[in-house]
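K.L.:
Sequence plus predicted model, see below.
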2 protein chains.
Amino acid sequence: MCVGLDVDPQKIPVHLSHEKEPMLAFNKTIVDATAPYCVAYKPNTAFYEAQGVKGWLVLEKTVDYIRAQYPDKFLIADAKRGDIGNTSKMYAETFFRHMDFDAVTLSPYMGYDTVAPFFEYPGKWAIVLGLTSNASAAEMQMQPTGNKRMYQHVLESVAAWGSKENTMFVIGATRAKELEEVRKIVPEHFLLVPGVGAQGGSLTDVANYGLTPQGGLLVNSSRGIIYASADEGFAEAAAMQARQVQQQMKNLLPVR
Amino acid sequence: MCVGLDVDPQKIPVHLSHEKEPMLAFNKTIVDATAPYCVAYKPNTAFYEAQGVKGWLVLEKTVDYIRAQYPDKFLIADAKRGDIGNTSKMYAETFFRHMDFDAVTLSPYMGYDTVAPFFEYPGKWAIVLGLTSNASAAEMQMQPTGNKRMYQHVLESVAAWGSKENTMFVIGATRAKELEEVRKIVPEHFLLVPGVGAQGGSLTDVANYGLTPQGGLLVNSSRGIIYASADEGFAEAAAMQARQVQQQMKNLLPVR
């Protein structure tokens, strides 16, 4: 399981407002509470950028905190970046050199250029949007192209650029039935699966159609965990929620 | 003309390194030098993010400087963002509320969700990627879908979401011949055209195929202008280069 740190300052518990950096205090507490139950954290950059310099600083400090306290956690910058080569190179520096993320989410619309600079960092990952969890995504991603869908063309192309050791795909939990098609194209790649919980995706469906013998799924939950409660017991509520999701996953996972 | 502020700290003149904020000093000087010849500035966020908090601060200060000194300039955040609705809303706040940009570039891959929150700011613009200037873009954007190309599907869809008063498209100058097709779908929308100069696009081709009776083109030049010289005369060199491009444009523009 991956915990999404999509922290909206208006949703964090009121009693944290006396802290010097309420978002950072919130993140540290959520991380401490959920660390026993997850393997990864995924801050969405939008929530930090919306606070300007202050927010960017919280993002950097959150990464540093997790790296120092929980060095084994996998850190994903949910940034959905994508630009021409010389610019994508700058984004790779941002998230892999300036900050110590393990992976970045990327949009495939501009092609190979967008993704290539991220492959130059050994041990790091590009996580490319395949089929996303939002309703309106279908208009682009499900668009027919020949005898397949646009997202299938994306999976085929991107899988050929990298390997299953440096590339993952985002497949929304709300698209669980399409996971069968996804697995025909990328049988072994890791998939990052958001959309369980607040967005309505079913964990059972995701496991049924998406699991590989090795697992192959990184299921993300954000709002369902981090906003489980808005009062002083928010850490315990988040921990309980995280534990519950992790337990569900454990029951669905193949024995290994 | 639009001047792209894609500022790589390693490419700015050495004599600026004694400044407290060399990138900011560079930007201010470039803006002062080129203001007589352009209508818009377009910082690419990647170059600022790669410097972390320090870079983000330079971006904010650059926007403030241009707003204060040249209030009529059109300010584009070249950010190529795109996420689900509640997250795109955060990006809209970042660039329209926290910073005072007039427009943001967006990736269409996640559909309507991605763009809709930007329409909620009257007078502001969404600039959606259509057909980009980089070579590898074709693999996605030129993909056939029915009797058209994927980028044509994008233009048709996005044009229906907004209006020509709040939506523009990015069409690379290296795709000048496709501009004829573009104009069949969006005859009146403004187009942001990067790729003239360093990327090899021809201004004459762009004008021939893309101009509308009202103009309808915002041609961007970045590296060709801002790195015209790396010595102490860089401001004069940038001004001269900007003046030259503006002169070429003037000669190609319809009389009005």
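P.N.:
That came through, no problem. Please read these numbers as outputs of a predicted model, since none were measured by experiment.
K.L.:
which residue is nearest the middle of chain A?
P.N.:
With distances taken as Cα atoms, centre = their mean, A:Lys42 lies nearest the centre of chain A, 4.9 Å away.
K.L.:
and the gap between that residue and A:Leu211?
P.N.:
Distance from A:Lys42 to A:Leu211, counting by Cβ to Cβ, to the nearest Å: 20 Å. Where C-beta positions appear, they are placed from N, C-alpha and C, glycine not excepted.
K.L.:
that older thread, the residue nearest to the centre of chain A contacts A:Val219, doesn't it?
P.N.:
No: judged on Cβ atoms under 8 Å, A:Lys42 makes no contact with A:Val219 at a distance of 11.0 Å.
K.L.:
joint contacts of the two?
P.N.:
In terms of Cβ atoms under 8 Å, 6 or more residues apart in numbering or on different chains, A:Lys42 and A:Val219 are both contacted by the residues A:Cys2.
K.L.:
ok, back up a step: neighbouring strands for the host helix or strand of the residue nearest to the centre of chain A, and are they parallel or not?
P.N.:
A:Lys42 is part of strand A:40-43, with elements assigned from DSSP states H and E. For strand A:40-43, the pairing partners within the sheet under DSSP bridges are strand A:2-5 (parallel), strand A:74-81 (parallel).
K.L.:
Please point out which parts of the stretch of helix or strand A:His153 belongs to sit buried.
P.N.:
Element membership of A:His153 [criterion: DSSP H and E] is helix A:150-161. Buried positions in helix A:150-161, judged by neighbour count with 16 or more other Cβ atoms under 10 Å in any protein chain shown: A:Met150, A:Tyr151, A:Gln152, A:His153, A:Val154, A:Leu155, A:Ser157, A:Val158, A:Ala159, A:Trp161.
K.L.:
Show me which residues of the least confident helix or strand in chain A by mean pLDDT are buried.
P.N.:
In chain A, no helix or strand scores lower on mean pLDDT, DSSP states H and E than helix A:203-210, which sits at a mean of 91. Buried residues in helix A:203-210, counting neighbours by 16+ other Cβ under 10 Å, are found at A:Leu203, A:Asp205, A:Val206, A:Ala207, A:Tyr209, A:Gly210.
K.L.:
show me where the stretch 151-256 of chain A has helices.
P.N.:
Applying DSSP state H, counting those that start in this stretch to the stretch 151-256 of chain A gives helices spanning A:179-185, A:203-210, A:223-226, A:234-252.
K.L.:
quick one, what contacts the closest residue to A:Arg81 other than its chain neighbours?
P.N.:
In space, and not counting its chain neighbours, A:Arg81 is closest to A:Tyr91: 4.5 Å by Cβ to Cβ, 6 or more residues apart in numbering or on different chains. Each residue near A:Tyr91 by Cβ under 8 Å, 6+ apart is listed here: A:Ala79, A:Arg81, A:Asp83, A:Val104, A:Pro117, B:Ala46, B:Glu49, B:Ala50.
K.L.:
Looking at these, which are in strands?
P.N.:
Mapping the contacts of A:Tyr91 onto strands (DSSP state E) picks out A:Ala79, A:Arg81, A:Val104.
K.L.:
want to throw these into a markdown table with pLDDT and neighbour count?
P.N.:
Converted to a markdown table, those look like this (pLDDT from 0 to 100; neighbours: other Cβ atoms under 10 Å in any protein chain shown):
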| residue | pLDDT | neighbour count |
| --- | --- | --- |
| A:Ala79 | 98 | 23 |
| A:Arg81 | 98 | 27 |
| A:Val104 | 98 | 28 |
